[in-house]
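*Asks:* The sequence and its predicted three-dimensional model are supplied below.
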Amino acid sequence: MYILPAIDIYQGSAVRLLKGDYSTANKVAASPYDAARSFAEAGASMMHMVDLDGAKDAKLVNADLIADVAKTSGLSVEVGGGIRDMKAVEYYLSRGIDRVILGSAAVKNQQLVIDAVREYEDRIVVGIDAKDGMVRAEGWLDNSEINYIELAKRMEDVGVRTIVFTDIDQDGTLAGPNLKQLDDLVNNVSCNIIASGGVAVIKDILNLAELNVYGAICGKAIYSGTLDLRQAIEMAEKI
């Protein structure tokens, strides 16, 4: 299982939100570069980055900064937030980003997912963010009528191989991931599942490993000190 430490960018700073609420933005590192450097020093090989301004504004906002942080970090990087067309997909993938995450587009523009997967195959990841099991979009501000399992199956059908699943109610809470929803997801699709939201301690990593998820995104737990990144990576490598 892979551990993906996370950097969320808002107005140029590395921040964390509580349950996706932008008004709770809290700066967690001196700079995104410092956060990425600390991840590399702890032994990380992969990193998860999100353009929060982009997610909210439906366009690339912090893309240049994200691409530069990724380049200087030396880590494999996946990026989400504000990627709404092929031009945005191509921007990141041509600048050293390993994978891009299509979130709102998976809900509102399935053709983009189809086109991107056809062109870039497993470099395209779909992010499914849900509240009470129902998918949300546009920086979690828009409700939809789609159940997360239903959307995952649709994405599997068009060739998506990796899904990042976030339970919004767990995100930033340090209350543990939603194991029930993740277990249901793993058992309903063949895609690689990356768990996001709620990871707080090593026990959460062990619980996720038992579900056979592909990866776990860790953000607030690392910054707040409840999870030792190096220990989590070493444990995940042994599982």
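*Replies:* Yep, it's here. Residues are numbered from 1 along each chain as shown.

*Asks:* so where's the chain uncertain?
*Replies:* 138-144 (pLDDT under 70).

*Asks:* can you map out the strands along it?
*Replies:* 2-10, 13-18, 21-27, 46-51, 76-80, 99-102, 124-131, 134-137, 142-147, 162-167, 192-196, 215-218 (DSSP state E).

*Asks:* strand partners of the fourth one, parallel vs antiparallel please.
*Replies:* This points to strand 46-51. Sheet pairing of strand 46-51 (DSSP bridges) gives strand 2-10 (parallel), strand 76-80 (parallel).

*Asks:* Mean neighbour count and distance to Asp171 for these - can I get that in TSV?
*Replies:* Placement of C-beta: from N, CA and C, glycine included. TSV is the format used below for those (neighbours: other Cβ atoms under 10 Å; distance: least, Cβ to Cβ, whole Å):
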stretch	mean neighbour count	distance to Asp171
strand 2-10	25	10
strand 76-80	25	13
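
*Asks:* tell me the contacts of the closest residue to Ala63 other than its chain neighbours?
*Replies:* Nearest residue to Ala63, sequence neighbours excluded (Cβ to Cβ, 6 or more residues apart in numbering): Tyr91, at 6.1 Å. Tyr91 makes contact with Leu60, Ala63, Ala67 under the criterion Cβ atoms under 8 Å, 6 or more residues apart in numbering.

*Asks:* and of these, the nearest to Ile114?
*Replies:* Using Cβ to Cβ, Leu60 comes nearest to Ile114 of the contacts of Tyr91, at 21.1 Å.

*Asks:* Distance-wise, check that closest one relative to Val100.
*Replies:* 11 Å (Cβ to Cβ, to the nearest Å).

*Asks:* who touches both of the two?
*Replies:* Ile83, Ala88.

*Asks:* circling back: any chance of the strands paired with strand 46-51 in JSON lines, with distance to Ser31 too?
*Replies:* JSON lines is the format used below for the strands paired with strand 46-51 (distance: least, Cβ to Cβ, whole Å):
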{"stretch": "strand 2-10", "distance to Ser31": "10"}
{"stretch": "strand 76-80", "distance to Ser31": "16"}
